[in-house]
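Colleague: What follows is a predicted protein model with its sequence.
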Amino acid sequence: MDFRELVETLWRRKLTVAAILVLSLVVAFASLQLVTPEYESRSTVVLQPRNEVDFSFFYALNSIVPIYANAAQTSTSYVMAQEKLGGRAPAAISVETFRDTPIIRVKARDPDKALARDSAQAFTDALLEQVRAGRIGVPSLRLSQIDRPQLARAAVYPRTRLTIAVAALLGLAFGIGLALLREALTTRVATPESLAHLVGAPSFAEIPSEVAVGRLRAPGDLAKDPRLRAVSEGLRDLRTNLLFANDDLRTVVVTSPEGSHGKTTISVGLATTFARAGTRTVIVDGETLVDNGKYLRLNEDELLDKVQAKGEQIWDSVPKWHWTGKVIDEVVPPSFRMK
């Protein structure tokens with residue numbers, strides 16, 4: 001399948017793609033409404049040598065900084081932070097470090113904005129107290145706070161825009177996949193090109209399915225009824241393309257493997273279109289189930305008597321049976337068995 005065929009397939013299956021995309025977005029929106037938002041506050045501390053001209057500790061930063069980071073998350077720090085919060089359970093805490101830098105960031109996340117801010121500060125204070133008391137850390141280094149936690153302005157979870165974007169991409173991907181799968185599994189001929197490819201013959205025109213065709217009472221209705229305009233245009237395209245394909249065209253056979261496929265509609269409509277263009281037209285109806293007479297206003301019994309009287313010489317002496325309006329020149333009715 002090349003790019004053009006892919007685009008045509010997706011256009012035919014656009015409703016499938018759109019339905020899956022909309023479903024994905026609806027699920028995403030519903031999920032966002034059900035998820036409890038969480039807020040995050042951050043506190044930043046930095047390690048510095050007590051002797052401002054001593055820079056040797058920078059060579060061991062990646063070994064020293066994790067000691068302080070781990071200490072901020074111990075059970076001792078948790079108990080101290082809970083005491084500072086007045087006995088309230090602290091928010092969820094995480095500690096972030098940065099390679100080759102002496103910076104440590106304490107982050108607290110909770111649905112309660114105030115609790116997230118207070119928890120970040122409480123764990124920072126607990127860490128600072130333990131360092132000052134000499135229970136953790138390197139004596140030649142001091143730890144100081146350079147950024148106090150602030151009350152969060154927006155939730156960090158869920159990430160609404162990212163969730164919607166991912167849902168849209170997933171919905172589009174699944175929609176395209178389902179559309180291609182349906183296209184691969186379908187046995188329906190969807191385009192004139194597909195029909196021509198399957199039968200190995202050119203497709204000259206496409207006659208749209210129109211409910212008003214079932215109420216057709218005379219060939220003239222094709223030109224008068226505005227609801228049949230598309231059908232009439234399709235029949236004219238068929239006539240023109242047939243003549244272009246074979247300028248010596250004498251016979252057109254309209255057939256199908258079973259009934260109710262529109263053979264009568266096409267045969268009467270095409271004959272009318274040829275006749276209105278000035279071509280002498282004869283309809284020979286070999287269908288024993290549906291009668292063209294209802295469209296052409298013919299008396300079948302009278303015609304049958306005339307045809308049977310001619311016997312096996314029918315082809316040499318077909319009489320002129322005229323429809324009222326003289327559009328169709330001749331009709332051989334369906335009840336006559338051709339030999």
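Modeller: Yes, it's here.

Colleague: Which helix or strand contains residue 48?
Modeller: strand 39-49 (DSSP states H and E).

Colleague: in the helix or strand just after that strand, what counts as buried?
Modeller: The helix or strand immediately downstream of strand 39-49 is helix 61-71, counting by DSSP H and E. Using 16 or more other CB atoms under 10 Å as the burial criterion, the residues of helix 61-71 that qualify are 61, 64, 65, 68, 69, 71. Yep, even glycine has a C-beta here, placed from its N, CA and C like the rest.

Colleague: any chance of those residues in JSON lines, plus pLDDT and distance to residue 239?
Modeller: Formatted as JSON lines, these follow (pLDDT from 0 to 100; distance: CB to CB, whole Å):
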{"residue": "61", "pLDDT": "87", "distance to residue 239": "87"}
{"residue": "64", "pLDDT": "91", "distance to residue 239": "91"}
{"residue": "65", "pLDDT": "93", "distance to residue 239": "86"}
{"residue": "68", "pLDDT": "94", "distance to residue 239": "89"}
{"residue": "69", "pLDDT": "94", "distance to residue 239": "84"}
{"residue": "71", "pLDDT": "94", "distance to residue 239": "91"}
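
Colleague: between these, which is nearest residue 143?
Modeller: residue 68 (6.5 Å; CB to CB).

Colleague: residue contacts, the closest one?
Modeller: Residue 68 makes contact with 45, 47, 104, 127, 131, 136, 137, 143, according to CB atoms under 8 Å, 6 or more residues apart in numbering.

Colleague: Correct me if wrong, but residue 150 is in a helix.
Modeller: No: under DSSP: H, G, I helix; E, B strand; the rest coil, residue 150 sits outside any helix and is assigned coil.

Colleague: Could you double-check that it sits in contact with residue 117?
Modeller: Yes: here residue 150 reaches residue 117: they are 6.6 Å apart, a contact under CB atoms under 8 Å.

Colleague: Give me the common contacts of these two.
Modeller: In contact with both residue 150 and residue 117: residue 41, using CB under 8 Å, 6+ apart.

Colleague: Same drill for these two, tell me which one is more crowded.
Modeller: Applying other CB atoms under 10 Å to residue 150 and residue 117 shows that residue 117 carries more neighbours, namely 23 against 12.

Colleague: Please, which helix or strand holds that one?
Modeller: With DSSP H and E as criterion, residue 117 is part of helix 113-132.

Colleague: now that helix: mean pLDDT?
Modeller: Helix 113-132 shows a mean pLDDT of 95.

Colleague: residues of it that come out buried?
Modeller: By neighbour count on 16+ other CB under 10 Å, the buried set for helix 113-132 is 113, 115-128, 130-131.

Colleague: got the contact list for stretch 73-92?
Modeller: Contacts for stretch 73-92 (CB under 8 Å, 6+ apart): 71, 93-95, 108-110, 112, 115-116, 118-120, 122-123, 125-127, 129-130.

Colleague: For the stretch 201-339 of the chain, just list every one of the helices.
Modeller: 221-224, 229-245, 263-276, 293-296, 300-310 (DSSP state H, counting those that start in this stretch).
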